[in-house]
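Trainee: kindly generate the corresponding structure for this input.
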Amino acid sequence: MAQLYFYYSSMNAGKSTALLQSAYNYRERGMNVLLLTALIDDRFGKGKIQSRIGLGSDAETFTSDMNLYDHILSMQAKDPLNYSCIFVDEAQFLTEDQVNQLSDIVDSHNIPVLCYGIRTDFRGELFPGSKRLLAISDKLTELKTICHCGKKAIMVVRKDEQGRAVAQGDQVVIGGNSTYVSLCRKHYKAAIAGN
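Mentor: Okay, here's the model as predicted:
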């Protein structure tokens, strides 16, 4: 039976690398996969999944107003090969409804869906997509990265132009290492208290 998976972490834990490796494994065995990523994250171009270590792939994009159940079935109808697996990068940008739609793909069409995303934002709040994935996924796997002190990083801090941690602002601001840094809880608290 197919399952809904959520691979989550702070930033820079290798989520996109793991996704691309898994997709490669399916393709190497002659299986057809669908890769999805958020249209809002265009750091490497629209419809691109790119890892920090240089791996990359084209992907279909999703927006917050898209019905993923209908979209995936429409795409499958145009493809002569059935999907063996669906991979979703930047899954934190999914809506709760979209996570439910992905679970319907799993349950009604027996296609595994593997989602990769960040658990919490720079304020320590769950993203809506991550919140729903944590609630209904069949399998949860934490991918780990480290703080500058060597402890496991579970938080992410957003930096301003001067490199100081910010505690207020929009939940979503697209950026990489120049905008965000992963920290352990102790150093996250210290960074936020410095403001």
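Trainee: count of neighbours near residue 56?
Mentor: Neighbours of residue 56 under the rule other Cβ atoms under 10 Å: 14. From N, CA and C alone the C-beta is placed, and that goes for glycine too.
Trainee: against residue 36, how distant is it?
Mentor: Noted for residue 56: a distance of 15 Å to residue 36, by Cβ to Cβ, to the nearest Å.
Trainee: run the chain-centre distance for stretch 71-78.
Mentor: Centroid displacement of stretch 71-78 relative to its chain, using Cα atoms, centre = their mean, to the nearest Å, is 22 Å.
Trainee: contacts for it?
Mentor: 34, 60, 62, 82-83, 86, 105, 109 (Cβ atoms under 8 Å, 6 or more residues apart in numbering).
Trainee: got it, and stretch 11-29?
Mentor: Here stretch 11-29 has contacts from 7-9, 32-33, 35, 49-53, 55-57, 84-85, 87, 89, 114, 116-118, 143-145, 153, 156, 177, 180-182, using Cβ under 8 Å, 6+ apart.
Trainee: so what's residue 56 closest to, chain neighbours aside?
Mentor: residue 50 (4.3 Å; Cβ to Cβ, 6 or more residues apart in numbering).
Trainee: tabulate the contacts of stretch 71-78 in JSON lines, adding columns for secondary structure and distance to residue 186.
Mentor: As requested, those are arranged in JSON lines below (DSSP: H, G, I helix; E, B strand; the rest coil; distance: Cβ to Cβ, whole Å):
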{"residue": "34", "secondary structure": "strand", "distance to residue 186": "40"}
{"residue": "60", "secondary structure": "strand", "distance to residue 186": "40"}
{"residue": "62", "secondary structure": "strand", "distance to residue 186": "36"}
{"residue": "82", "secondary structure": "coil", "distance to residue 186": "48"}
{"residue": "83", "secondary structure": "strand", "distance to residue 186": "43"}
{"residue": "86", "secondary structure": "strand", "distance to residue 186": "37"}
{"residue": "105", "secondary structure": "helix", "distance to residue 186": "40"}
{"residue": "109", "secondary structure": "helix", "distance to residue 186": "44"}
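Trainee: okay then, goodbye and thanks.
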